[in-house]
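Colleague: Only the shape, not the letters, is given here:
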Ligand code: HEM
């Protein structure tokens, strides 16, 4: 990076009034952002309506804004204010001291050791799905894996939060409410002009109702727990027991609701989308698939995985990590610039926003050799150790790094291992797999596979 101070970042000025809104709202937004990086370098500037937006594409600078300057680059952005409508003031959306308190309270519930206790919930849900797949296989049917992975990961978060509190029908209700809720949240955050959203009365009413329906279920379970003496081995119990060391306070019902909703939203679509990519990739990479099959046979044979097996399924984990590199489920993250700053010698004006993109950083040619090649060995221990930590950000970085990363990795590895024990997933031929980028990255049009018994 240059040492010269106060360079004014360059970039396109876009159209009058809207700036580059159409480029950013388009499904080709990452292609457009990559073109900005190619033309203007690691710091570029563009306009979104009246706002100045800086695209930061160097790991040193991303580290600076996520770690050293966390108080100047906050989550008070337009996109997060839209997500707040659903999540309220949770660990994901809160800022400043409110976030610090919540993170401290909630973090222990997501500790690796605690997550290990949830392994059986994961493997039970995976087994149910695979049993259904046996029937599909008998009929020579196909499975749309994006959809299947969404249902599976939603079941896992619901069970991880509430263990047995919801019946199978209620889990289905949650799933039915969730799809339109997520789609609408993705739409709003991808097209962040709040004024225009006001004109979609029918959609808005449905959105409010979906949130209210979920709230009703969540508050009901919280109320039941408050009056019961039974203990439960689930996340809600851990969150209810979390106590502030200094004030001795617990999370209120409203705060619990916000954390629960966050786990619902942050904790399932992300993993599901990554898993859909993973199956599409494995179907196209027989050598890598063979290695996964060998590892699973060697470590597990026919036995169900437990948390103790997780560290030994290291190749499967590398495959998942490499999938997250090429297709990070959260491709772009924003921060608001609170006050004027200089980042890597570039002048950054307060009041604007900075964007950084895991999708672009994961392809930065200075940090990744042959970035488009799928190679799990990039995550061999020694190679991974030498990598710049902020060149790989599927879970974000710094103090606000994803709280659920251990949860997601264990779940993903269990899905890979248990599915591999029983099936080989083969893409239905000639299916183009392209990314559909909104708030998250998922394969456009889904991933249709046939199931081959092993
Ligand atoms: C592959 C799966 C996942 C991916 C790619 C992912 C990605 C991310 C990213 C990029 C952030 C940082 C956002 C930012 O800095 O603005 C984040 C934060 C967060 N994630 Fe995840 N996530 C995943 C799974 C999960 C799961 C399973 C849970 C919960 C069970 C979860 C809970 C959270 C929470 C609570 C935060 C907010 C942390 C904070 O700001 O202090 N995530 N996630």
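Modeller: Received, thanks. Keep in mind that this is a model prediction, so the values were computed, not measured.

Colleague: residue boundaries of the strands in the stretch 251-400 of the chain?
Modeller: 332-337, 341-343, 346-348, 353-357 (DSSP state E, counting those that start in this stretch).

Colleague: Determine if any part of the first one is in contact with the ligand.
Modeller: Yes. Using Cβ under 6 Å from any ligand atom as the criterion, contacts between strand 332-337 and the ligand involve residue 333. From N, CA and C alone the C-beta is placed, and that goes for glycine too.

Colleague: mind listing what that strand pairs with, with the direction of each?
Modeller: Partners of strand 332-337 in the sheet, by DSSP bridges, are strand 73-74 (antiparallel), strand 353-357 (antiparallel).

Colleague: what is the orientation angle of the helix or strand that the shortest one is followed by with strand 332-337?
Modeller: Think strand 73-74. The C-terminal neighbour of strand 73-74 among helices and strands, as given by DSSP states H and E, is helix 78-87. Angle of helix 78-87 versus strand 332-337, following axes from the mean of the first three to the mean of the last three Cα atoms, to 10 degrees, is 110 degrees.

Colleague: Run the contact check for the next helix or strand after helix 78-87 versus the ligand.
Modeller: As assigned by DSSP H and E, the chain's next helix or strand after helix 78-87 is helix 96-106. Yes. If you take Cβ under 6 Å from any ligand atom as the test, helix 96-106 does meet the ligand, through residue 103.

Colleague: who's in contact with the residue of the stretch 101-250 of the chain found nearest the ligand?
Modeller: Using Cβ to the nearest ligand atom, the single residue of the stretch 101-250 of the chain nearest to the ligand is residue 103, 4.8 Å away. Residue 103 makes contact with 91, 399-400, 403, according to Cβ atoms under 8 Å, 6 or more residues apart in numbering.

Colleague: Show the pLDDT at it.
Modeller: pLDDT for residue 103: 95.

Colleague: One more: the one 4 residues further on?
Modeller: pLDDT, residue 107: 93.

Colleague: hang on, it packs against residue 403?
Modeller: Yes. Residue 107 is within contact range of residue 403, at 6.3 Å (criterion: Cβ atoms under 8 Å).

Colleague: Give me the more crowded residue out of these two.
Modeller: Per other Cβ atoms under 10 Å, whichever of residue 107 and residue 403 has more neighbours is residue 403, with 21 against 12.

Colleague: so what's the closest residue to residue 18 other than its chain neighbours up against?
Modeller: Distance criterion Cβ to Cβ, 6 or more residues apart in numbering; nearest residue to residue 18, sequence neighbours excluded, is residue 49 at 6.1 Å. Applying Cβ under 8 Å, 6+ apart, we find residue 49 in contact with 17-19, 21, 193.

Colleague: quick one: pLDDT of residue 49?
Modeller: We note a pLDDT of 85 for residue 49 in this prediction.

Colleague: Please name the residues that touch residue 382.
Modeller: Residues near residue 382 by Cβ under 8 Å, 6+ apart: none.

Colleague: Begin at 19, not 1, for the rest of this chat.
Modeller: Sure thing, new numbering starts at 19, so read that last one as residue 400.

Colleague: Next one: it relative to the ligand, how far apart?
Modeller: Plainly put, residue 400 is 24 Å away from the ligand if you go by Cβ to the nearest ligand atom, to the nearest Å.

Colleague: The residue of the stretch 19-168 of the chain found nearest the ligand: neighbouring residues, count only.
Modeller: Closest to the ligand within the stretch 19-168 of the chain is residue 110: 4.0 Å, counting by Cβ to the nearest ligand atom. Neighbourhood size, residue 110 [other Cβ under 10 Å]: 25.

Colleague: biggest helix in this structure, by residue count?
Modeller: In terms of residue count, the longest helix belonging to the chain (DSSP state H) is helix 219-244.

Colleague: could you point out which element follows that helix?
Modeller: With elements assigned by DSSP H and E, the helix or strand that comes after helix 219-244 is helix 253-259.

Colleague: Could you see whether the ligand lies near that next one?
Modeller: No. Judged by Cβ under 6 Å from any ligand atom, helix 253-259 and the ligand are separated, with a smallest distance of 7.4 Å.

Colleague: which helices and strands sit right next to that helix?
Modeller: Counting contacts by 3 or more Cβ pairs under 8 Å, 6 or more residues apart in numbering; DSSP states H and E, helix 253-259 packs against helix 163-180, helix 219-244, helix 271-284.

Colleague: Same list, these, but as TSV with distance to the ligand please.
Modeller: What follows is the helices and strands packed on helix 253-259, written out as TSV (distance: least, Cβ to the nearest ligand atom, whole Å):
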stretch	distance to the ligand
helix 163-180	6
helix 219-244	15
helix 271-284	4
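
Colleague: and the residue of the stretch 119-268 of the chain closest to the ligand, how far is that from residue 472?
Modeller: For residue 121, the distance to residue 472 equals 43 Å [Cβ to Cβ, to the nearest Å].

Colleague: now do residue 418
Modeller: From residue 418 across to residue 472, the span is 41 Å (Cβ to Cβ).

Colleague: Near the ligand, which residues of the stretch 19-168 of the chain? Just list them.
Modeller: Counting by Cβ under 6 Å from any ligand atom, the stretch 19-168 of the chain sits next to the ligand at 109-110, 121.

Colleague: does residue 113 really touch residue 92, like I thought?
Modeller: Yes. Counting by Cβ under 8 Å, residue 113 does reach residue 92; the two are 4.9 Å apart.

Colleague: Tell me which of the strands paired with strand 350-355 sits most buried.
Modeller: Most buried of those by mean neighbour count (mean count of other Cβ atoms under 10 Å) is strand 371-375; its value is a mean of 23.

Colleague: what residues are up against the residue lying closest to residue 199 once chain neighbours are set aside?
Modeller: Excluding the flanking residues, the one nearest residue 199 by Cβ to Cβ, 6+ apart is residue 228, at 4.4 Å. By Cβ under 8 Å, 6+ apart, residue 228 lies in contact with 195-196, 198-199, 202.

Colleague: So among those, which ones count as buried?
Modeller: 195-196, 199, 202 (16 or more other Cβ atoms under 10 Å).

Colleague: need the residues you listed in TSV with secondary structure, can you?
Modeller: Listed next are the buried ones among the contacts of residue 228 as TSV, based on DSSP: H, G, I helix; E, B strand; the rest coil:
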residue	secondary structure
195	helix
196	helix
199	helix
202	helix
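
Colleague: Pick the one among those closest to residue 235.
Modeller: residue 195 (8.7 Å; Cβ to Cβ).

Colleague: so that closest one touches residue 234, yeah?
Modeller: No. At 10.2 Å, residue 195 and residue 234 do not qualify as touching, with contact defined as Cβ under 8 Å.

Colleague: Relative to residue 200, how far out is residue 427?
Modeller: Going from residue 427 to residue 200 by Cβ to Cβ gives 22 Å.
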